[in-house]
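J.: Pasting a predicted model and its sequence here:
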Amino acid sequence: MLRIRGLLPNAAALLWALVVAVPLYYVVVTSLRAQEDTTGANPLSLPGSPTLENYGLVFSDGFFKFLFNSLLTTGLTVVVVLLVALPAAYVVVRGKRRRHQWLFRMFLAGLAIPLQATIIPVYVMIVEAGLYDSLLAIILPAIAFAMPLSVLILSNFLRDIPEELYESMCLDGAGQLRVLMNLVLPLSRPALLAVGIYQALQVWNGLLFPLILTQREETAMLPVMLWQFQGQYTVNVPAIMAGVVLSAIPVLVLYILGRRFMIAGLTAGAGK
């Protein structure tokens, strides 16, 4: 019985690895097929004549332009979210007045608002502000929708900082800004990395805002590029898979480098 119980976790891990690996294998293999081979061949079989034409098609369709827009939009969004969310979380945790608690409740209420339900008001506001078809049209709503969860994660992390550290800095005559910069910021790096990686993935893979709030190719992002490989009657599946592979490489590298900090930050305060 003990031996069987010891094998169960390994079997579950193997099953989960297969669940994750099979779709990745399908994406990579399909990206190496010719378009006419996608209908008759076994989807999981190796291509008889592997080709890199699909990757060439993606590059010739302006991949690096879309990549730059995605990098710029994601980077600016994450930087602004971190710069605003950390002080907001500090005020929520250390604030003693009633309005500070109401501020936290407002952020929690923001978690209950689905992005799809606000697309029409967001579209109207972006158009009225003269920001339509610009990268700011994506960055500003992305920041707004990233704030509630970011503040929640950071506030849970800040509550784990011992009260004695706050008190010792206050006894040394440190003001709130110095406490934030010299104590909270260094100790919050795991949570900041977790929030940054998570929000970067959300912005990078987001399709709704780029599809609705931009129109020109000069402001389009990678998800819109993948959308362009389907026509009215046909879909270039291998080209889409090649685009998926290329667009997934940056976020995959980012996740591999920061996955340990991401897990630590997302689980902060879970034991309380």
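T.: Sure, I can see it.
J.: Residue 52: neighbour count?
T.: 11 (other C-beta atoms under 10 Å). Every C-beta, even on glycine, is put in place using the N, C-alpha and C of the backbone.
J.: give me the low-pLDDT residue ranges for the protein?
T.: 1-7, 40-41, 231-234, 258-272 (pLDDT under 70).
J.: What segments of it are helices?
T.: 2-31, 53-60, 63-94, 98-111, 119-128, 136-158, 163-171, 176-179, 185-187, 189-205, 208-213, 222-227, 237-266 (DSSP state H).
J.: Now do the last one and helix 53-60, the angle between them.
T.: The one in question is helix 237-266. 70 degrees (axes from the mean of the first three to the mean of the last three C-alpha atoms, to 10 degrees).
J.: again with the longest one
T.: Here helix 63-94 runs at 70 degrees with respect to helix 53-60, directions being taken by the same axes, to 10 degrees.
J.: quick one, what contacts the residue nearest the centre of the chain?
T.: Residue closest to the average C-alpha location in the chain (C-alpha atoms, centre = their mean): residue 201, at 1.9 Å. If you count contacts by C-beta atoms under 8 Å, 6 or more residues apart in numbering, residue 201 has them with 251, 255.
J.: Which of the helices of the chain sits closest to residue 37?
T.: Residue 37 lies closest to helix 237-266 among these, at 8.2 Å (C-beta to C-beta).
J.: how much space between the nearest residue to residue 196 once chain neighbours are set aside and residue 205?
T.: Leaving aside its sequence neighbours, residue 196 sits nearest to residue 78 (C-beta to C-beta, 6 or more residues apart in numbering; 5.0 Å). Separation of residue 78 from residue 205 (C-beta to C-beta, to the nearest Å) stands at 14 Å.
J.: Between these two, which has more neighbouring residues?
T.: Higher neighbour count among residue 78 and residue 205: residue 78, with 24 against 15, using other C-beta under 10 Å.
J.: What about the closest residue to residue 38 other than its chain neighbours, how many residues nearby?
T.: Leaving aside its chain neighbours, residue 38 sits nearest to residue 237 (5.1 Å; criterion: C-beta to C-beta, 6+ apart). When neighbours are defined as other C-beta under 10 Å, residue 237 has 18 of them.
J.: Over to residue 120?
T.: With other C-beta under 10 Å as criterion, residue 120 counts 10.
J.: Same check on residue 28?
T.: 13.
J.: dump the residue contacts of it.
T.: Taking C-beta under 8 Å, 6+ apart, we find residue 28 in contact with 241, 245.
J.: now it: how far from residue 194?
T.: With C-beta to C-beta as the criterion, residue 28 and residue 194 are 28 Å apart.
J.: Please apply the same query to residue 128.
T.: 35 Å.
J.: okay, the two: which has more neighbours?
T.: For residue 128 and residue 194, the more surrounded residue by other C-beta under 10 Å is residue 194, and the numbers stand at 26 against 9.
J.: measure the more buried one to residue 156 for me?
T.: Counting by C-beta to C-beta, the gap from residue 194 to residue 156 is 11 Å.
J.: Same question for residue 108.
T.: To residue 156, residue 108 is 12 Å away according to C-beta to C-beta.
J.: More neighbours: the two, which one.
T.: Just comparing residue 108 and residue 156: by other C-beta under 10 Å the higher neighbour count belongs to residue 156, 19 against 13.
J.: hmm, back to that, okay but the residue nearest to residue 38 is in contact with residue 34, surely?
T.: No: applying C-beta atoms under 8 Å, one finds residue 237 not in contact with residue 34, separated by 10.8 Å.
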